[in-house]
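Asks: no FASTA, just this:
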């Protein structure tokens with residue numbers, strides 16, 4: 001816990017304005033180290049689908065149980081299920097894959113409280129910086145499934161959509177699960193479209209449903225078929241100590 005608090009304070013200090021040149025240089029070396037750790041950990045685990053959602057829903061909650069079904073469905077399709085690695089929806093999606101003999105991985109954020117890696121992960125990495133964690137969650141994914149969640153979930157949703165909209169990443173499907181929960185959010189997105197702050201084409205980036213079966217059909221068409229996905233033999237290189 002003491003180490004977590006120290007890392008949390010360090011990230012806060014980076015965002016509080018200019019520091020000494022030496023401290024800023026040292027920070028770039030630290031981020032490089034954590035990027036390389038993430039690349040090595042995740043390189044052979046795809047193709048992935050990232051599931052976003054709240055850390056606060058517990059077993060028995062309807063959204064938690066739906067996320068279990070989502071994880072199972074994704075593993076049935078041959079995807080590695082990637083989450084933020086913590087509790088709640090993240091745990092549920094990992095659990096669905098793990099108990100279905102699918103691959104389950106997590107990019108866990110180091111925080112002073114609330115988050116530890118859940119018990120349904122084959123591989124995970126602890127990341128001290130949010131921006132590195134978000135980068136890894138997006139880099140290895142061929143689709144994004146957005147479950148009910150809070151501020152962090154919305155941040156991850158709009159990060160993915162923005163990268164698709166601007167052509168930084170390919171037009172991977174974004175599935176929003178939970179029509180009632182996300183009703184006002186979708187209404188606001190439609191308001192943006194009516195006011196031309198986004199285009200009609202941007203609306204096509206989102207697919208909203210309550211059905212795991214509809215989600216699966218959508219991903220089979222717009223992820224697996226569209227990008228010709230299949231699991232390839234792992235070709236590790238001994239000189240990389242893999």
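Replies: Received it, and whenever you're ready, just let me know what you need. Being a predicted model, the structure only gives us computed values, none of them experimental.

Asks: what about the closest residue to residue 98 other than its chain neighbours, is that helix, strand or coil?
Replies: Residue nearest to residue 98 in three dimensions, not counting chain neighbours: residue 120, with 3.9 Å by CB to CB, 6 or more residues apart in numbering. C-beta here means a position set from N, CA and C on the backbone, and glycine is covered the same way. Three-state assignment for residue 120 (DSSP: H, G, I helix; E, B strand; the rest coil): coil.

Asks: list the contacts of residue 120.
Replies: By CB atoms under 8 Å, 6 or more residues apart in numbering, residue 120 lies in contact with 91, 94-95, 97-99, 104.

Asks: can you flag the buried ones in these?
Replies: Applying 16 or more other CB atoms under 10 Å to the contacts of residue 120, the neighbour count classes 91, 94-95, 97-98, 104 as buried.

Asks: sorry, back to before: restricted to helices, list the contacts of residue 120.
Replies: 91, 94-95, 97-98 (DSSP state H).

Asks: where does pLDDT dip in this structure?
Replies: Along the chain, segments meeting pLDDT under 70 span 1-11, 112-115, 231-235, 237-242.

Asks: what ranges does it have for its strands?
Replies: Listed in chain order, the strands of the chain (DSSP state E) span 48-52, 80-83, 104-109, 123-127, 141-146, 174-177, 206-209.

Asks: other SSEs contacting the fifth one?
Replies: Spelled out, that is strand 141-146. strand 48-52, helix 151-165, strand 174-177 (3 or more CB pairs under 8 Å, 6 or more residues apart in numbering; DSSP states H and E).

Asks: hmm, residue 193 is touching residue 203, no?
Replies: Yes. When contacts are counted by CB atoms under 8 Å, residue 193 is listed as touching residue 203 (5.5 Å).

Asks: and which of the contacts of residue 120 is nearest residue 154?
Replies: residue 91 (19.7 Å; CB to CB).

Asks: return the distance of the nearest residue to that closest one once chain neighbours are set aside relative to residue 181.
Replies: Leaving out its chain neighbours, the residue that sits closest to residue 91 by CB to CB, 6+ apart is residue 118, at 3.8 Å. Separation of residue 118 from residue 181 (CB to CB, to the nearest Å): 22 Å.

Asks: quick revisit: most neighbours per residue, which of the helices and strands packed on strand 141-146?
Replies: Among the helices and strands packed on strand 141-146, strand 48-52 has the highest mean neighbour count (mean count of other CB atoms under 10 Å), at a mean of 28.

Asks: ok, back up a step: need the ones in helices among the contacts of residue 120 in CSV (columns: distance to residue 84).
Replies: Output for the ones in helices among the contacts of residue 120, formatted as CSV (distance: CB to CB, whole Å):
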residue, distance to residue 84
91, 10
94, 10
95, 14
97, 14
98, 15
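
Asks: and which of the residues you listed is nearest residue 227?
Replies: residue 97 (20.0 Å).

Asks: from memory that closest one sits against residue 73, does it?
Replies: No. Under the criterion of CB under 8 Å, residue 97 is not in contact with residue 73, lying 9.2 Å apart.

Asks: leaving out chain neighbours, which residue sits closest to residue 154?
Replies: Among residues not flanking residue 154 along the chain, residue 185 sits closest, at 7.5 Å (CB to CB, 6+ apart).
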